[in-house]
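Colleague: Mind folding the following:
(chains A and B)
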Amino acid sequence: MRKRIVSTVMTAAMAATMFAQVASAEESKVVKLALQGDSLTWQQEIVDKFEAETGYTVEPVLIPSDQDMYTKTMLLMDSTDTCPDVIAEDGFMVKSDAAAGKLYCLDDALADWEDLASFAPAMLEGGKGTDGKTYAVQCSTDTQILYYNKELLKDIGIEGEWQPTTWQEILDVASKLKEANADKEDFIPLFMWASSTYPEQTSMRTFQLFLSGTEGEWPSQIYDEEAAKWVVDTEKLKTTLNFVNDAFNTYEVTETPAQAADPSIEQLLASDYMQNGMVGLYISGSWTLGQFASQYPWDEAMDVWGCASIPTVDGQDPSYTTMCGGWTWAVPENANNKEGGVELLKYLCGYDGILARVMYCGESSPRTDVADAEAYLSQTPSAIPYTKDQLVYGHFRPSVEGYSSITTAFTAAVESVATASATPEEAIAALQEEMIRQLGEDKVLVK
Amino acid sequence: MKTRNNMSRKKLLTSALLILPAAVLIGVYYVYPMLMTIYYAFTDLTLTGSAATQTNFVGLKNFKSILTDPKFPEILKNTLVFLVFSGIIGQQCFGFAIAKLMKKRKAGIRKFTGFMVVLGWITPEIIAAYMFSAFFNDKGTLNMFVKLLGFKKVSWIFEYPMLSIVLANIWKGSAYSMLMFQAALDGIPDDVIESAKIDGASKFNILKSIELPMIKGTTSTTFIMVTLGTLGTFGMIYAFTGGGPGVKTTTLSVYMYKQAFSAFQVGYGMAIALLLLAIGAFLSFVYLRLIKANQD
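Modeller: Okay, here's the model as predicted:
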């Protein structure tokens, strides 16, 4: 009897071990790829190639909502049961997530990857943590551009190329556009991001973009690198938020607060407003025109829309400014299949992977070889040729831990002024209070 | 004696065994998260950054921070306005009015009206939020009627944001109060009302002196349930207005979410959650005391 029990237990144990090995072998051939909504579209070809060449199977983890993507990704990464093997990580989150121990250090895994030499050095910096180690690889970047509708500007007497030299000039042109198009319901003379529906867009494309156009060298307006402290520079903040207030409330030349908060406005601008003369000026990323190549096909986009740089407040040196953003791919520390994750990351950040992505999205390439590719340079419609000249004015968001939390306070400041819930002075006081609350008095320098 | 002791011990053991699954479930899904919420409220835990791995005990810092937050007075005011107008007054009064109007009506009318009101209750809050967003939107149904009447369109969500979410929540939640009041009103014996009528009591007097006192118990229960439900309303406000414009429709529950999951300050968010819990507990305590005082 005892023998029978022992043999049964041993057989069961062997079977369990065998099944576990099979399951584990199968699991190690699956790579979970977490990315946003429908963004698998432009990666599908690379994913197929990766599967065919390596024998891995990619299991997409699609995160449907745009706005809560960061939170959802973080929560997925917290447990080995849910953790993806590769994640799409917005550039500004890399340092925070690396400091939180959520990202896998790629230094050893990528040590022999020759492709790294093809990345612009500044782009490789974007994937590093505060400890100087690489935790992510940049797959795209962008600059911010003031797009203008040439046809509508012609109607108000501005023909050919247009380049404003001060912020006031933007407001003046927007006012004329407003007057000339008064009969069009829902016409937007100047669209600028100003709602917590679009938190990072508002923080980077409005708050930091215009703040970087005030006196001084970026990021001194918001972060003192020497003292390692965040800065509340009242005068410069007032200049920035006064511009927001003028645009939204004094001149009333922007979208309405309802339009600003509309969750579908980004799609509407590309699919309708820009194509039908419903917006005059539009401050957005350098990928905007690229959307008309495949996402919203429109051959005349380049005939209708022109590109201009964002001037500094009064045109002071260096005359123009822009903010650079971008996305990265990373492997989480809790990933069950780090090896597979790193392999997939190499495909996604390889020549073909980046070319496919930037061509579809109209983004700028972080790889120099892709940036020189004929297909990339000759794509149309695209703002890529314009972006090349803009890079000298480019600034990055303060790449320090804490940015990912404090950025929501920048968004709140813009939104409160744009919706007339607060005066610029009140918004600055609230911002200061919030920065001190989040970071501590010793980490904030008030000027 | 010994047999009786054995029997009661056996009974106790059986009871304990029967209670065990429920106790475990309550412990795992309710008590443990609540205790963790209390613990995290006193820490600087974040979802990202170094504080995500090296969490420190910060004492009352989060609570001091909430109370000195310049937005806090407005957010607290929003929470109370939303609670009073959409929950206590709106849902309760609207629910009672429908229940009262439906009493003694034909079965068909009662069923139809009841179904229409309950429809709001069973509609998921995200769908309700999108419905009201489509209704109050600049290009929405309400503005279509406004324009048909020859008036200029109104940006309802931005000019009257609190009113918009209050109306949406009344529509969404009145069914509960209606069902409760309907059952209570139906429970009042007809002969009591008839006697009052014979004695010459007006409709108002019947309502004030007979019906309302007789459904006092139901009213109190509904008050507590509606108060707690309204205080916790999150999904509908978040999907409808996102707490904006500015912080005009940000209630404590929306603020808690934004701090914990958008600004990644989990410790601070938990402190707000605890404060919300304290407000709910305090109001429930007040209601219960009032009920007791009334009964005495």
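Colleague: Kindly confirm my reading that A:Ala60 is in a strand.
Modeller: Not Ala; residue A:60 is Pro. Yes - when DSSP: H, G, I helix; E, B strand; the rest coil is applied, A:Pro60 is found to be in a strand.
Colleague: Neighbours of it, how many?
Modeller: For A:Pro60, the count of nearby residues is 16 (other C-beta atoms under 10 Å in any protein chain shown). The C-beta positions use only the backbone N, C-alpha and C, and glycine is treated the same way.
Colleague: That one contacts A:Leu40, correct?
Modeller: Yes - contact criterion C-beta atoms under 8 Å: A:Pro60 and A:Leu40 qualify, at 5.4 Å.
Colleague: what comes into contact with stretch B:108-127?
Modeller: With contact meaning C-beta atoms under 8 Å, 6 or more residues apart in numbering or on different chains, stretch B:108-127 is reached by B:98, B:102, B:105, B:128, B:131, B:171-176, B:178-179, B:182, B:233, B:235-236, B:239.
Colleague: are any of those buried, and which?
Modeller: Taking 16 or more other C-beta atoms under 10 Å in any protein chain shown as the criterion, what is buried in those is B:98, B:102, B:128, B:131, B:171-176, B:178-179, B:182, B:233, B:235-236, B:239.
Colleague: Tell me the spatial nearest neighbour of A:Gly55, not counting adjacent residues.
Modeller: A:Lys29 (6.5 Å; C-beta to C-beta, 6 or more residues apart in numbering or on different chains).
Colleague: list the contacts for that neighbour?
Modeller: So A:Lys29 contacts A:Gly55, A:Tyr56, A:Thr57, A:Gly340 (C-beta under 8 Å, 6+ apart).
Colleague: Check B:Lys197 too.
Modeller: Contact analysis of B:Lys197 by C-beta under 8 Å, 6+ apart lists B:Ile206.
Colleague: Which helix or which strand is home to it?
Modeller: Using DSSP states H and E, B:Lys197 maps to helix B:190-198.
Colleague: Pull out the buried positions in that helix.
Modeller: B:Ile193, B:Ala196.
Colleague: Could you check how far that helix is from the centre of its chain?
Modeller: In this view, helix B:190-198 has its centroid 35 Å away from the chain centroid, taken as C-alpha atoms, centre = their mean, to the nearest Å.
Colleague: Give the rounded mean pLDDT of it.
Modeller: Across helix B:190-198, the average pLDDT comes to 90.
Colleague: Using PDB, write down the CA coordinates of that helix.
Modeller: Only the C-alpha atoms of helix B:190-198 are listed here, as PDB (Å, rounded to 0.1, in the frame of the first residue of the first chain):
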ATOM      1  CA  ASP B 190     -55.300  53.200   3.400                       C
ATOM      2  CA  ASP B 191     -57.700  53.600   6.300                       C
ATOM      3  CA  VAL B 192     -55.300  56.000   8.100                       C
ATOM      4  CA  ILE B 193     -55.300  58.300   5.100                       C
ATOM      5  CA  GLU B 194     -59.100  57.900   4.600                       C
ATOM      6  CA  SER B 195     -59.800  58.800   8.200                       C
ATOM      7  CA  ALA B 196     -57.600  61.900   7.900                       C
ATOM      8  CA  LYS B 197     -59.500  62.900   4.800                       C
ATOM      9  CA  ILE B 198     -62.900  62.400   6.500                       C
END
